[in-house]
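In: below: sequence and its predicted model.
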Amino acid sequence: MQNLHFEDSTRLFVESSITKLRVRGESFLETVRGPKEGGGVWCDVFLLEGSGESYPRAEGALDRKHFVEHKIYQDLHGIDHHLHVTLRVPKGSASLEFVKEFKSFIRSCSRDFMTHN
């Protein structure tokens, strides 16, 4: 497993953890790093072996208390690996164009590894 991490203008937040709920329906609290409201970004990109086909139902945007967390999975055809990306951006419409461009870039990575006969 290889990973790449970058962040800019971030801080720590106390958020409900993303996990199965306890018996009483309360989730655990955890400290997580995310972007500041005025602008920022936090991102982890993992290169993992095998296909990411089992992940699609977990892909998408999750509206957390202080930011929006995007999960992106992309197979890298031709090398039997996939990308597992977590991107956190501030809430609001200002981040929408960045997220759209970032997802497009991640999707384009698949073509970079394709084998040509």
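Out: Okay, I see it. Residues are numbered from 1 along each chain as shown.
In: specify the beta-bridge partners of the residue most central in space within the chain.
Out: Nearest residue to the geometric centre of the chain (CA atoms, centre = their mean): T86, 1.5 Å. Beta-bridge pairing of T86 under DSSP bridges involves D44, K71.
In: which pLDDT value belongs to it?
Out: At T86, the model reports a pLDDT of 95.
In: surely it and H70 touch.
Out: Yes: T86 is within contact range of H70, at 7.3 Å (criterion: CB atoms under 8 Å). Using the backbone N, CA and C atoms, a C-beta is placed for each residue, glycine as well.
In: against K103, how distant is the residue nearest to the centre of the chain?
Out: 13 Å (CB to CB, to the nearest Å).
In: so what sits against both of those two?
Out: Each of H70 lies in contact with both T86 and K103 under the rule CB atoms under 8 Å, 6 or more residues apart in numbering.
In: quick one: mean pLDDT for stretch 2-11?
Out: On average, stretch 2-11 scores 94.
In: do the same with stretch 52-70
Out: 83.
In: tell me which residues are up against that stretch.
Out: 13, 15-16, 18, 34-35, 37, 42, 71-75, 82-91, 95, 99, 103.
In: one more: stretch 90-105?
Out: Contacts of stretch 90-105 (CB under 8 Å, 6+ apart): 35-41, 61, 63, 66-68, 70, 72, 87, 89.
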